[in-house]
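Enquirer: Coordinates only, no sequence provided:
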Ligand SMILES: NC(=O)c1ccno1
């Protein structure tokens, strides 16, 4: 069962990057059914207008609900109302959303369908997510971080990459997806080194050359803990104390 991903944007070419590399190959291999749609196809006036001024005043423009409604009805056709449609998620990138994390990516990788609505300007009329939630769709307004972009497209690319690489067969070696930063252990990934062993006066830690896999695992866990404590004290505080105690340290 391959995942279908639809993306609606007024800049469909922005998403051409999804034709490249892993995602591109996954599409060729039929692992992902990715379709890009131009929102203006559902704007019927002469200028194909998709936005208007904010009700209540204020700066900028808001994207119209009627245009988005026609577009999403067309794209979502066969959504949860249709028998056997599976789990369909309407994903709306927005700086005002819940924070997108690896847990979110793991959850969304289990959806059958993702429809991504990329807003521009001041965003999409808030009645759009409300309407589709009321119709029984799972609606997720998600932010990739506490900063503002000019539109949802860049955030959509980030989230789709984080989700798609978790789908079976997309990443060559599934093991490489397991031991990563922000994995279930709640730590950042340990440092990585390769040959040459000696480089510009910096030698690789001897333990990595020891062949003692238990010692190597402990050294890596220690380094992951130290790195997490230094860079992400918030993650250390969030750690389950049992996780900390289970660190069989070398010292
Ligand atoms: N932070 C975000 O995810 C975002 C989406 C659109 N603009 O910002």
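Expert: Looks like it came in fine. Nothing here was measured: the structure is a model prediction, and the numbers come from that model.

Enquirer: Tell me which stretches of this structure form helices.
Expert: Counting by DSSP state H, one finds helices in the chain at the ranges 21-28, 65-76, 102-108, 127-134, 153-164, 174-178, 213-231, 233-238, 241-245.

Enquirer: Let me know which of the ones you listed is tucked in deepest.
Expert: Greatest average neighbour count among the helices of the chain goes to helix 153-164 (a mean of 21), per mean count of other Cβ atoms under 10 Å. All C-beta atoms are positioned from the backbone trio N, CA, C, and that covers glycine.

Enquirer: what residue is smack in the middle of this structure?
Expert: What sits nearest the mean C-alpha location of the chain, by Cα atoms, centre = their mean, is residue 159, with 2.0 Å.

Enquirer: Chain neighbours aside, what residue packs nearest to it?
Expert: Leaving aside its sequence neighbours, residue 159 sits nearest to residue 100 (Cβ to Cβ, 6 or more residues apart in numbering; 5.6 Å).

Enquirer: residue contacts, the one you found?
Expert: 142, 143, 144, 155, 158, 159, 162 (Cβ atoms under 8 Å, 6 or more residues apart in numbering).

Enquirer: swap the cut-off to 6 Å and go again
Expert: Counting by Cβ atoms under 6 Å, 6 or more residues apart in numbering, residue 100 makes contact with 142, 144, 159.

Enquirer: How about residue 55?
Expert: Residue 55 neighbours (Cβ under 6 Å, 6+ apart): none.

Enquirer: Dihedrals phi and psi, it?
Expert: In terms of degrees, to the nearest 10, the main-chain angles of residue 55 are phi -70, psi 140.
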